[in-house]
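[1] Kindly generate the corresponding structure for this input.
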Amino acid sequence: MLFMDAYHKYSMKLLVAIAPEQYRDEELDEPVAVFQKSGIGFDIASTKTGTCSGMLGGKAQAVLTFDRVNPEAYAGIVIIGGAGSPAFLWGNRDLIKLVQIFSAARKVVAAICLSPVVLARAGVLKGKKATFFRTPESFAEMKAGGAAIVENPVVTDGMVITANGPAAATAFGEAVVARLNP
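    Below you'll find the predicted structure:
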């Protein structure tokens, strides 16, 4: 029975995507804490496996590379932001393809800080309300991707969830959980 409870507890899993360097620590730690409290499992993926380093000195273990992910194993994808996002995530074809697959399957597609640009580049923000951490580059990318930009900390539009930065990290995690458990 204990085994069944453990299995049931983590029968729903999310894929959490981070940059191998310079991901934003709170944007990973706070949503993951919400997922764990809610009984939702997760795997961390990046451009490489092994230790990834956060902007504030945190460390996370990536167990998968984006090209090795089986989207059918996950209820959604959550893309963490930070200074490493433009360099490692924005142009990653495997990650963009994963976002498109999750979106087409009507699964949760979520991104925080600078990472909603990945959703824009994947074409899933056309006509969708979204928020993000604003820089001249990220603003141009979000507009090019057709996002209806909203100045809120967290924005949910259908199965797409976006957040604007570290201060919204816990609320972002809660919005993901709420969308998984309507």
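[2] Doesn't Gly29 lie inside a strand?
    Not quite, residue 29 is Asp, not Gly. No. Counting by DSSP: H, G, I helix; E, B strand; the rest coil, Asp29 is not part of a strand but helix.
[3] Near the residue nearest to Val177 when sequence neighbours are not counted, how many other residues are there?
    With C-beta to C-beta, 6 or more residues apart in numbering as the criterion, Val177 has its nearest non-adjacent residue at 4.7 Å, and that residue is Ser38. In this view, the C-beta of every residue, glycine as well, is placed from N, C-alpha and C. The local packing of Ser38 (other C-beta atoms under 10 Å) involves 16 other residues.
[4] Ser38 contacts Arg179, correct?
    No. In this structure, Ser38 is not within contact of Arg179 by C-beta atoms under 8 Å, at 11.7 Å.
[5] how far away is the residue nearest to Val177 from Leu56?
    As for Ser38, its distance to Leu56 is 24 Å (criterion: C-beta to C-beta, to the nearest Å).
[6] again, but for Phe102
    Phe102 sits 28 Å away from Leu56, going by C-beta to C-beta.
[7] can you check Glu30 too?
    To Leu56, Glu30 is 12 Å away according to C-beta to C-beta.
[8] which of these two has more neighbours?
    With neighbours defined as other C-beta under 10 Å, Glu30 and Leu56 compare such that Glu30 has more, 20 against 13.
[9] Leaving out sequence neighbours, find the closest residue to that one.
    Ala169 (3.8 Å).
[10] for the one you found, what are its contacts?
    Going by C-beta atoms under 8 Å, 6 or more residues apart in numbering, Ala169 touches Glu26, Glu27, Asp29, Glu30, Pro31, Ile112, Ala163.
[11] Contacts only, for the residue nearest to the fifth one when sequence neighbours are not counted.
    In other words, Pro31. Spatial nearest neighbour of Pro31, chain neighbours left out: Gly173 (3.1 Å); criterion: C-beta to C-beta, 6+ apart. By C-beta under 8 Å, 6+ apart, Gly173 lies in contact with Glu30, Pro31, Val32, Ala33, Val34, Phe35.
[12] Please apply the same query to Ala62.
    Contacts of Ala62 by C-beta under 8 Å, 6+ apart are Ile18, Pro20, Ile44, Ala45, Ser46, Lys48, Thr49, Gly50, Thr51, Cys52.
[13] Restricted to strands, list the residues you listed.
    Those of the contacts of Ala62 mapping onto strands are Ile44, Ala45, Ser46, Gly50, Thr51, Cys52, per DSSP state E.
[14] ok, back up a step: tell me the predicted confidence for the residue nearest to Val177.
    On the pLDDT scale, Ser38 is placed at 94.
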